[in-house]
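Colleague: output the structure for:
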Amino acid sequence: METAPPAVTTLNEGGASPFVLLCEHASNHIPEAYSGLGLPPRDLQRHIAWDIGATDLARGLSCRLDAPLFLSGYSRLLIDCNRPPGAPTSIPTRSEDTDIPGNRDLDAGERARREAAYFAPFHAAVARLLDRRAAERRRTVVVGVHSFTPIFLGVPRPWLAGVLYAGAAGFGRALVKRLAADLGADAVGDNEPYRIEPEEHDYTVPVHGDARGLDAALLEVRQDLIASAPDAEAWAARLAPVFADVASAPATRR
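Modeller: Take a look at the predicted model:
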């Protein structure tokens, strides 16, 4: 019988860091009952199913920063923990250039089941910690840890890393500037390779960050740079001082 992983794994919940880390695409696990959503096993190892390297990077950052970390337990193909439920990209019927047969023609009941089983527990755990930190008047900075493909639909992406932000523009730009000082100006994407789009493509920054008035951003690192555990750990060691420096600067949202 298959052992079901938890929808969310919380690490270092009492960490002293101002940072609270989320890895919304940490796992490519799909329960056996879903038959891989009709995809061959090789597709479930691709970026469409999870953010390659992001889990190890997030764990490394959590340890080095003494930051709480929330890891999702299921594939983004079942339901994406960084998409608003009900949005077209929440349960995708196509991802990049690949159709997802097991997501076609889903009824409202199945959509609700996935949201209740895989999405809601993850974000409820995050919200509980943020509420507690707010009650304790602790400074909190929300960061989602992600990876991106070097090439998307045939178009090369020149960045090594990127920072995505919306309301917390001051924090986002400060993080971009500090990363660029370490990696090089052309190596860091400022709201690249994506942008925060609350209506269809983002949940963490708009809900856990901007709606609460907290500094919030997504960190994106090119997946081929962190695909192995040693490489991800090396990047965690490189990035932790960057985050620490930005956290020590005066907070500003504009």
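
Colleague: ranges for the strands of the stretch 101-250 of the chain?
Modeller: Per DSSP state E, counting those that start in this stretch, the stretch 101-250 of the chain carries strands over the ranges 141-148, 151-152, 155-156, 161-164, 188-190, 215-222.

Colleague: those strands: which one's closest to residue 130?
Modeller: Ranking these by distance to residue 130, with CB to CB as the measure, places strand 141-148 first at 7.6 Å. The C-beta positions use only the backbone N, C-alpha and C, and glycine is treated the same way.

Colleague: show me what that closest one is packed against.
Modeller: Other helices and strands packing on strand 141-148, by 3 or more CB pairs under 8 Å, 6 or more residues apart in numbering; DSSP states H and E, are strand 19-23, helix 54-65, strand 215-222.

Colleague: rewinding a little: and the strands of the stretch 101-250 of the chain: which comes nearest residue 118?
Modeller: Across the strands of the stretch 101-250 of the chain, residue 118 has its closest neighbour in strand 141-148 (16.6 Å, CB to CB).

Colleague: partners of that closest one in the sheet?
Modeller: strand 19-23 (parallel), strand 215-222 (parallel) (DSSP bridges).

Colleague: put the alpha carbons of the first one into CSV.
Modeller: The reference is to strand 19-23. Output of strand 19-23 as CSV, limited to C-alpha atoms (Å, rounded to 0.1, in the frame of the first residue of the first chain):
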residue,chain,number,x,y,z
PHE,A,19,12.7,35.2,6.8
VAL,A,20,9.9,32.7,6.4
LEU,A,21,10.6,30.4,3.4
LEU,A,22,8.1,28.5,1.3
CYS,A,23,8.9,25.9,-1.4
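
Colleague: begin at 396, not 1, for the rest of this chat.
Modeller: New numbering, starting at 396: the last item is strand 414-418.

Colleague: buried stuff in it?
Modeller: Under the neighbour-count criterion of 16 or more other CB atoms under 10 Å, strand 414-418 has 414, 415, 416, 417, 418 buried.

Colleague: one step back: ok, which of the strands of the stretch 496-645 of the chain comes nearest residue 409?
Modeller: Per CB to CB, nearest to residue 409 of the strands of the stretch 496-645 of the chain: strand 536-543, 16.4 Å.

Colleague: touching the closest one from outside, list them.
Modeller: Residues outside strand 536-543 that contact it (CB atoms under 8 Å, 6 or more residues apart in numbering): 413-420, 442, 446-449, 452-453, 456, 477, 525, 552, 557, 566, 588-589, 599-600, 603-604, 609-618, 621, 638, 642.

Colleague: can you put the strands paired with strand 536-543 in TSV and add distance to residue 434 and mean pLDDT?
Modeller: Below are the strands paired with strand 536-543 laid out as TSV (distance: least, CB to CB, whole Å; pLDDT from 0 to 100):
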stretch	distance to residue 434	mean pLDDT
strand 414-418	22	98
strand 610-617	24	98
